[in-house]
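**Student:** this one's sequence-less:
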């Protein structure tokens, strides 16, 4: 056997190439070196075209604010109201449903919603419902900023920031992590790991009821945490309420 680049060609094949007319042999040799043809013994020595996977372009949040522009109150966890947001997906071929998970940076309070699909419209719809339920002022006070990754469901920052009560009013500020930097949402990533205790990776999230998801949320918010000196998120919230 003779080795040529990444492809293995039998000796008799090389001798066949040497008997080809010069123009055909050079074209064949060029195809082998460029990877456009592969030798396939199962096809009786016939060549076949190399298959290529199409690489999906990364989407960009044009005009969105970078995490480097986020206020120090959020970066250093100095005040309540700065959140991280992410989606927990269903397993492959297990449907389009997902969980929208929000974690507050100071108290580690967790809010979870089940979405029918991992899309911009579903995320905006859920935030709109939450704002209508809480009211504009209360929502803006609770959600001063939200940090997200560059997933397609979060790219329309204009709609995510826009209040559903006022046509040109804002309800929050959206900040984007740097690409491939999940540490920018460290609390979110850790919480997703905790959620996987109850909803294992590969599960169909559509099979989990809203009641069950609320039970998981309550457990997460009642769990004592070392980072909070043994307090739970609910305990820390009560502290802040008493101090205000």
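**Tutor:** It's in. Keep in mind the model is a prediction, meaning the values are calculated, not measured.
**Student:** Going by C-alpha atoms from here, please, whenever you check contacts or count neighbours.
**Tutor:** Fine.
**Student:** got the domain boundaries for the chain?
**Tutor:** 2-49, 65-243 (automatic domain parsing).
**Student:** avg pLDDT for the first one?
**Tutor:** Along domain 2-49, the predicted confidence averages to a pLDDT of 48.
**Student:** what's the distance between residue 117 and residue 126?
**Tutor:** Distance, residue 117 to residue 126, by C-alpha to C-alpha, to the nearest Å: 12 Å.
**Student:** Looking at these two, which one has more neighbours?
**Tutor:** Legend: neighbour count by other C-alpha atoms under 10 Å for residue 117 and residue 126, higher for residue 117 (18 against 15).
**Student:** right, and the more buried one touches residue 96 too?
**Tutor:** Yes: using C-alpha atoms under 8 Å, residue 117 is in contact with residue 96, at 4.9 Å.
**Student:** tell me the mean pLDDT for stretch 190-203?
**Tutor:** In this model, stretch 190-203 has a mean pLDDT of 94.
**Student:** Between the two ends of it, what distance do you get?
**Tutor:** Terminal-residue distance, stretch 190-203 (C-alpha to C-alpha): 19 Å.
**Student:** Would you mark the buried spots in that stretch?
**Tutor:** Burial within stretch 190-203, assessed by neighbour count using 16 or more other C-alpha atoms under 10 Å, is assigned to 191, 192, 195, 199, 201, 203.
**Student:** Report the two of those separated the most.
**Tutor:** 191 and 203 (17.0 Å; C-alpha to C-alpha).
**Student:** May I have the phi/psi pair for the spatially most central residue of the chain?
**Tutor:** Per C-alpha atoms, centre = their mean, the C-alpha nearest to the average position across the chain is that of residue 151, at 5.0 Å. Main-chain dihedrals, residue 151, degrees, to the nearest 10: phi -60, psi 150.
**Student:** Which of the domains of the chain has the highest mean neighbour count?
**Tutor:** Highest mean neighbour count among the domains of the chain (mean count of other C-alpha atoms under 10 Å): domain 65-243, with a mean of 17.
**Student:** ends of that one, how far apart?
**Tutor:** For domain 65-243, the first and last residues are 32 Å from each other (C-alpha to C-alpha).
**Student:** hey, where'd the helices end up in this protein?
**Tutor:** Secondary structure of the chain (DSSP state H): helices located at 11-19, 22-34, 72-75, 120-134, 136-142, 157-161, 186-195, 210-222, 233-243.
**Student:** tell me what the last one is packed against?
**Tutor:** Counting contacts by 3 or more C-alpha pairs under 8 Å, 6 or more residues apart in numbering; DSSP states H and E, the secondary-structure elements packed against helix 233-243 are helix 210-222.
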